[in-house]
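Enquirer: Pasting the sequence and the predicted coordinates here, then a few questions.
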Amino acid sequence: MLDYDAEADRYDETRGGVPRAAAAAEAVLRLVPTGARTLLDVACGTGLVTERLTREGLRVYGADASYGMARKAARRLPGRVALADARRLPLPDASVDAVSAVWLLHLVPFVDEVVAEAARVLRPGGVFVVTVDKDAAHHVGSDIDDVLAPHRSSARASDRADRIAAYAATHGLEPVGSTHFTGHGQGRTPRRTAEKLRSGYFASWFRGAPDAVDTLTAQLAALPDQGRPRDDPDYRLVSYRRPAVTRD
């Protein structure tokens, strides 16, 4: 995993910047009920998405486990960012109307704990909005994908949609919606893909033998337009609701 304290100052410019953040925020809000009054964005990073979660009557907060990230986010949302692990949020039970987690679950091995904590802090009728299948979103049918396809597997993906749905059900959350948004500026180039492959960046899905890397990087180097980004990924968001309390 990256050292997010060290990455904080350059994170936004290497992750699609404002266009990607704006697309993500717009998509999150599509899945947040209009009556929601409080939203916590966990693993909020630099707050670039969080500060764009704006809607009349909605108060938005952020939390991140990285001091460097939380420090950046606090500049964008003064007084509304906490340094906190997504598994141990500084909130009482049933205290917020929505929890969002954008580009988190693919990074961590403790997904069940994150889902459990989101369920704990949600009020009845509240929703947990989360990105799923992040690695799969980067498979856009390009010539790069044709080279890598035989070595792809989603078996270990910690944010696989069916896995998240199972965790959500375990913690009393029911599926209520989904949407997509474009990962602006995240289209891959053959040159950069080869560099990442050699560095082990794709460990979450790459199932090739170590000696296959040289062959694959040579095939990537033979593709045309080495510096031209292929299509941007299409990310998926899903939402799960904590059922409202009903009275007989």
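Expert: Yep, that arrived.
Enquirer: all contacts plus neighbour counts: C-alpha atoms, from now on.
Expert: Will do.
Enquirer: What lies in contact with stretch 220-227?
Expert: By Cα atoms under 8 Å, 6 or more residues apart in numbering, the residues outside stretch 220-227 that reach it are 143-144, 147, 189-194.
Enquirer: same question, stretch 21-30
Expert: Contacts for stretch 21-30 (Cα under 8 Å, 6+ apart): 48-50, 52-53, 100, 102, 129, 179-183, 237.
Enquirer: and the two most separated of those?
Expert: With Cα to Cα as the measure, no two of the contacts of stretch 21-30 lie farther apart than 48 and 179, at 20.0 Å.
Enquirer: Have a look at the two and say which one is more surrounded.
Expert: Shown here are residue 48 and residue 179; by other Cα atoms under 10 Å, residue 48 has more neighbours (21 against 14).
Enquirer: circling back to that earlier point, next, format the contacts of stretch 220-227 as CSV and append pLDDT and secondary structure.
Expert: Converted to CSV, those look like this (pLDDT from 0 to 100; DSSP: H, G, I helix; E, B strand; the rest coil):
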residue, pLDDT, secondary structure
143, 98, helix
144, 98, helix
147, 97, helix
189, 98, coil
190, 98, helix
191, 98, helix
192, 96, helix
193, 97, helix
194, 97, helix
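Enquirer: Tell me the buried residues within these.
Expert: 144, 189-194 (16 or more other Cα atoms under 10 Å).
Enquirer: how about the residue nearest to residue 45 when sequence neighbours are not counted, secondary structure?
Expert: Leaving out its chain neighbours, the residue that sits closest to residue 45 by Cα to Cα, 6 or more residues apart in numbering is residue 69, at 4.9 Å. Of the three states, residue 69 takes helix under DSSP: H, G, I helix; E, B strand; the rest coil.
Enquirer: all numbers from here: first residue = 11
Expert: Let's use 11 as the start, then, which means that last one is residue 79.
Enquirer: Do you know the pLDDT at residue 79?
Expert: The predicted structure scores residue 79 at 92 on the pLDDT scale.
Enquirer: likewise the one 5 residues further on?
Expert: Model confidence at residue 84, given as pLDDT, is 96.
Enquirer: Identify the residues contacting it.
Expert: 57, 90-91 are the contacts of residue 84 under Cα under 8 Å, 6+ apart.
Enquirer: Within its sheet, name the partner strands of whichever strand or helix holds residue 110 and how each one runs.
Expert: Assessed by DSSP states H and E, residue 110 sits inside strand 106-111. Partners of strand 106-111 in the sheet, by DSSP bridges, are strand 48-52 (parallel), strand 132-142 (parallel).
Enquirer: Can you name the residues in contact with it?
Expert: 38, 42, 46-54, 128, 131-133, 135-141.
Enquirer: Excluding chain neighbours, give the residue nearest to residue 119 in space.
Expert: residue 168 (6.5 Å).
Enquirer: and the one you found, how far is that from residue 116?
Expert: 5 Å (Cα to Cα, to the nearest Å).
Enquirer: List of residues touching the helix or strand containing residue 208?
Expert: Element membership for residue 208 (DSSP H and E) is helix 200-209. Helix 200-209 has contacts (Cα under 8 Å, 6+ apart) with 154, 212, 223, 226-227, 230-231, 233, 235-239.
Enquirer: Considering those residues, which possesses the most neighbours?
Expert: That'd be residue 230 among the contacts of helix 200-209, by other Cα under 10 Å, with 24 neighbours.
Enquirer: From residue 37, how far off is that one?
Expert: From residue 230 to residue 37 the distance is 33 Å (Cα to Cα).
Enquirer: Mind jotting down where the strands sit in this structure?
Expert: In the chain, the segments counted as strands under DSSP state E are 48-52, 69-74, 91-93, 106-111, 132-142, 184-192, 244-251.
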